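Q: Output the structure for:
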Amino acid sequence: MLPPASSSVADLALLVETIAQISGIGRIRFMTSHPLEFFDRPIDCYARGPKYSQHFGHSQAQARCPRRPFIRITGSLIRPAVDAQRTPATALLECATALSVNAMSAPLRHPATAATLLQLGLGVLCLMAPAMQAMSAEVRHGDKVLIPAPIAAPQLSRSFLGGASGRIETGAMGAAPQNGDGWTFNDLGGPTTLQTDPTRGAVLFTPMDSQNYNATRRYDPGLAILPQRHVYKAHYVRNVLLLDGLPYTKSYQWKHERISWQNSVSDTQCELKMHNWPTSMGPITLLNRADASGDTWWGGVAADSNGAWALLEVFVYTGSDGGSDGRVVTRVHKNGSTRISQNRVDTRIYSGPERRLRYFVEQNYFGNFGQIEHGVDNTLPKPQVREIYSDDSQVQIGSESQSGWQRIELRDSIDLRDAEVRELQDWQQWNSAGIALQLNTGGLPPGLHDLYLVVISGLDVEGWDVVSAAYPIQVRVDAPRLFGNGFEPQPLP
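A: Numbers count the residues shown, from 1 in each chain. Modelled structure (predicted):
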């Protein structure tokens, strides 16, 4: 039913109070353009309502327009995928949200217009309460989920090793991963097998020694990457280096990965390399071009030695041949926080048409032990235990100039700056009917989690995600977690 006609003001507090009464909505977040619009009534809502988010703030993007307050209400837009059709409930919710947004965006000098729009939005939301309740089901790892598509489907080629149907989780534990779909394993370095990790479940594992000092995972998209293309590469990784049972603390080099024109780990012209001296000089990013020119960028962020899982991300825009219109962005998410390592704009990627980037090589080289302190030829003991673990490798390459960086993530905050949880997602369908995906919960611990499926359209000038839409979702992670074939579950500690 509509709010009582006696309500004197159709304001932000009335909107959120009415929505809070709808069964099936678990949490409400909202933003205003400026604290100027945050009066006593919204504060009273926080005191009375358990459904409101425990934090609030104003949007700087709207702060320069104090006469046009803005409100964003997010209800439960997630539903288990039954088919690819847009349901009446989804259409009603989108309509109601639009009406409410328009109401809050109306100039304050037109209160009657704002009140009318707000009353309409509230009415639609109240009418659709039963549908909202049906859309609020918990989802689990591997469940099929359908969300609205806020932007057009990107035109790109992509590959994802993770997820319930991915190459890692569908393999037999203890066995070597199967080559295919552009991926190859075990052609350089120690023997890579599928193992279980207490945090992320099924992962790729490679031990190394003095004879096997690389642990490669390679992806070949089948074609060289053209100019003016957006490229995205990401994967989770952690290492273990022990000397006499203790973490190795002297200097060493960890060559994380490279994107190269040739299928090799040898240094060459026309490649982008991300290396790291974890306990000494830190990260180093190198861009080599076919004309023998290049750039070297010291500093930034990388995975920790003997640390927790880290998500490494590389964004490349190849630009034009010989032009300084390319871009390289690297980011690292570790210990519950994402940081931008490099953000190089107006960069020349291709010197000409002679060579093109093509092969994605997660090299994982460990070497140069103790060289900074004791010289290149030092004979000091080297770590006896050298292990690399990786998970959820993802590659996306745009097929035209505007595609490639559009993605979907599962995380606990819409704004990447505040996100502690991040899990990569792949999709099976993206069109006007919606985005269908099989949920990947990755390293989420057991329990019930209030998260978001975030649709990302690209990067801003600083290297942070541009979010087109975010849909709240309740994710249930059961214990024990079962991954792959042949893994016998163990009691949790």
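
Q: just so I have it, where are all the helices in this protein?
A: Using DSSP state H, the helices of the chain run over 12-20, 40-48, 88-105, 111-127, 129-134, 371-374.

Q: Comparing the ones you listed by mean pLDDT, which bottoms out?
A: Averaging pLDDT over each of the helices of the chain singles out helix 129-134 as the lowest, with a mean of 42.

Q: Would you work out how far apart the start and end of stretch 419-430 are?
A: In terms of Cα to Cα, to the nearest Å, the two terminal residues of stretch 419-430 are separated by 25 Å.

Q: Please apply the same query to stretch 149-157.
A: Across its full length, stretch 149-157 reaches 19 Å end to end, with Cα to Cα as the criterion.

Q: With stretch 315-322 instead?
A: When the termini of stretch 315-322 are compared using Cα to Cα, they are 19 Å apart.

Q: residues of that stretch that come out buried?
A: By neighbour count with 16 or more other Cβ atoms under 10 Å, stretch 315-322 contains the buried residues 315-319, 321. The way it works is simple: take the backbone N, C-alpha and C, and place the C-beta from them, glycine included.

Q: What residues are bridge-paired with the closest residue to Thr206 other than its chain neighbours?
A: Setting aside the residues directly before and after it, Thr206 is nearest to Ala215 in space (Cβ to Cβ, 6 or more residues apart in numbering), at 3.6 Å. Counting by DSSP bridges, Ala215 forms beta bridges with Gly189.

Q: before we move on, back to that, now, the buried residues of stretch 315-322 that are in strands?
A: Secondary structure defined by DSSP state E assigns 315-317 of the buried residues of stretch 315-322 to strands.

Q: Generate CSV for those residues, with distance to Gly447 as supplementary columns.
A: Converted to CSV, those look like this (distance: Cβ to Cβ, whole Å):
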residue, distance to Gly447
Phe315, 32
Val316, 37
Tyr317, 39
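
Q: could you dump these to a markdown table with distance to Ala176 and pLDDT?
A: Formatted as a markdown table, the entries for those read as follows, by distance: Cβ to Cβ, whole Å; pLDDT from 0 to 100:
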| residue | distance to Ala176 | pLDDT |
| --- | --- | --- |
| Phe315 | 31 | 98 |
| Val316 | 30 | 98 |
| Tyr317 | 35 | 98 |
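
Q: Closest to Ala13 out of the residues you listed?
A: Minimum separation from Ala13 among those (Cβ to Cβ) is found for Phe315, which lies at 40.9 Å.

Q: Please give me every residue in contact with the nearest residue to that closest one once chain neighbours are set aside.
A: Counting by Cβ to Cβ, 6+ apart, Phe315 lies nearest to Val329, which is 4.0 Å off, once chain neighbours are set aside. Taking Cβ atoms under 8 Å, 6 or more residues apart in numbering as the criterion, Val329 is in contact with 313-316, 340, 342-344, 459, 463.

Q: ok, of the residues you listed, which one's closest to Lys273?
A: In terms of Cβ to Cβ, no member of these lies closer to Lys273 than Val314, at 10.4 Å.

Q: what residues are up against the spatially closest residue to Ser457 that is not a sequence neighbour?
A: In space, Ser457 comes closest to Ser468 once its chain neighbours are excluded; the distance is 4.5 Å by Cβ to Cβ, 6+ apart. Residues touching Ser468, when contacts are defined by Cβ under 8 Å, 6+ apart, comprise 150-151, 455-457.

Q: Which PyMOL command selects the buried ones in those residues?
A: Buried residues among these (16+ other Cβ under 10 Å), as a PyMOL selection:
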select buried, resi 455+456+457
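
Q: Among the contacts of Ser468, name the ones in strands.
A: Secondary-structure check on the contacts of Ser468 using DSSP E: residues within strands are 455-457.

Q: From the residues you listed, pick the one nearest Gln394.
A: Distance to Gln394, by Cβ to Cβ, is smallest for Ile456 among those, at 12.7 Å.

Q: hang on, that closest one packs against Trp405?
A: Yes: under the criterion of Cβ atoms under 8 Å, Ile456 lies in contact with Trp405, with a separation of 7.4 Å.
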